[in-house]
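# Based on what follows, work out the 3D shape:
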Amino acid sequence: MSEPQIRPRILEICVDDAEGLTAAVKGGADRIELCSSLGSGGLTPSRGFMELAARAPIPVHALIRPRIGDFVYGEDDIGIMIADIEAARTAGLAGVVLGAARAPGVLDRPVLQRLVSAAQGLDLTLHRAFDVVDDFDAALELAVELGFSRILTSGGARHADAGLETLARLSRRAGGRISIMPGGGVRPGNVARLLAIPGISDVHASSSQPRAADRRLVEFGFVGEEMRQTDEATVRALKTALQLAP
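Numbers count the residues shown, from 1 in each chain. Predicted coordinates for the structure are as follows:
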């Protein structure tokens, strides 16, 4: 197995609105994961948002997740995802973020093959469907086989901080063939611990802060009790911590 390659450090920020996109770019993000509904774990962004984001000065990857819930998709879901991948391509985005399972705990090879084929020419990230599989090693090998550039993962824990041991093992197994990108609770205070894992250079975060919600909108059900917004200063602090980490 080859040694992990030395890669430039990359800060990926997930955003779900135009204001967050602007904050991430101004704060120094190196790459954007473009979403909607981050409060629900992230869903596919709209075509209009993709077109706006394509004008950003950094690479933008669209999350392709058609609904909340599990990652077991029927034919209608798959058709939606293939159409959304084409929308990302047409908008001019650099990549897409994919995942699918055939049962709880097992990635769906045939569906992933179809999605990867539809995304030919786009950069590929395997999203955190990876975190709920039973066999991380088999899932990693499948991601390599299918041509994914990176796996977004917390190491199977609620937050990446709690998955350090698994992240380190995955990075060793990856051996430079694919990037292991920690995500989930990544903050300026813990990014150095993640980057200390040999082979890890990309990190993923929301860098969001709470924002007060209008009570009338809450009462009507238009927003939840707690709103969060990508914060430029938090992105900048995380980027600085990433640059200063040993």
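# all contacts plus neighbour counts: C-alpha atoms, from now on.
Fine.
# hang on, isn't Leu140 packed against Ala174?
Yes - in this structure Leu140 lies within contact range of Ala174 using Cα atoms under 8 Å: 7.4 Å.
# Now do the contacts for the closest residue in space to Arg236 that isn't next to it in sequence.
In this structure, Arg236 finds its nearest non-sequential neighbour in Gly27, 4.4 Å apart by Cα to Cα, 6 or more residues apart in numbering. Contacts for Gly27 (Cα atoms under 8 Å, 6 or more residues apart in numbering) come out as 232-236, 239.
# Report the buried residues of the host helix or strand of Leu140.
For Leu140, the host element (DSSP states H and E) is helix 136-146. Across helix 136-146, burial judged by 16 or more other Cα atoms under 10 Å covers 136, 139-140, 142-144.
# Just the strands from this structure, written as ranges.
In the chain, the segments counted as strands under DSSP state E are 10-15, 31-34, 60-63, 95-98, 101-103, 106-107, 123-126, 150-153, 179-182, 202-205, 208-211, 227-230.
# Quick one: closest of the ones you listed to Ala160.
strand 179-182 (6.1 Å; Cα to Cα).
# contact partners of the closest one?
Residues contacting strand 179-182 (Cα under 8 Å, 6+ apart): 149-155, 160, 167, 170-171, 174, 194, 199-204.
# residue ranges with poor pLDDT in this structure?
Within the chain, the segments meeting pLDDT under 70 span 1-6, 212-214, 217-218, 220-225.
# try 90 this time
Residues of the chain meeting the criterion pLDDT under 90: 1-7, 39-41, 103-104, 208-229, 246.
# Just the helices from it, written as ranges.
For the chain, helices defined by DSSP state H occupy the ranges 18-27, 47-53, 75-91, 109-118, 136-146, 164-174, 191-195, 215-220, 232-244.
# As JSON lines, these with distance to Ser208 would be great.
Formatted as JSON lines, the helices of the chain follow (distance: least, Cα to Cα, whole Å):
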{"stretch": "helix 18-27", "distance to Ser208": "9"}
{"stretch": "helix 47-53", "distance to Ser208": "18"}
{"stretch": "helix 75-91", "distance to Ser208": "24"}
{"stretch": "helix 109-118", "distance to Ser208": "30"}
{"stretch": "helix 136-146", "distance to Ser208": "29"}
{"stretch": "helix 164-174", "distance to Ser208": "22"}
{"stretch": "helix 191-195", "distance to Ser208": "15"}
{"stretch": "helix 215-220", "distance to Ser208": "20"}
{"stretch": "helix 232-244", "distance to Ser208": "7"}
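# May I ask which of the contacts of Gly27 has the most neighbours?
Val235 (27 neighbours; other Cα atoms under 10 Å).
# For it, give its distance to Asp70.
Remark: distance between Val235 and Asp70 (Cα to Cα, to the nearest Å) = 29 Å.
# ok so, going back, give me the helices and strands touching the helix holding Leu140, please.
When contacts are defined as 3 or more Cα pairs under 8 Å, 6 or more residues apart in numbering; DSSP states H and E, helix 136-146 sits against helix 109-118, helix 164-174.
# can you do 10 Å?
Helices and strands touching helix 136-146, as assessed by 3 or more Cα pairs under 10 Å, 6 or more residues apart in numbering; DSSP states H and E, comprise strand 106-107, helix 109-118, strand 123-126, strand 150-153, helix 164-174.
# who does the shortest one touch, helix- and strand-wise?
Contacts defined by 3+ Cα pairs under 10 Å, 6+ apart place strand 106-107 against helix 136-146.
# which residues are in contact with the helix it packs on?
Residues outside helix 136-146 that contact it (Cα atoms under 10 Å, 6 or more residues apart in numbering): 99, 105-109, 112-113, 116-117, 124-126, 129-131, 133, 148-151, 155-156, 166, 169-171, 173-174, 177-180.
# one step back: can I get the strands of the chain in TSV including distance to Met81?
Output for the strands of the chain, formatted as TSV (distance: least, Cα to Cα, whole Å):
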stretch	distance to Met81
strand 10-15	19
strand 31-34	15
strand 60-63	10
strand 95-98	9
strand 101-103	14
strand 106-107	16
strand 123-126	14
strand 150-153	19
strand 179-182	23
strand 202-205	23
strand 208-211	27
strand 227-230	26
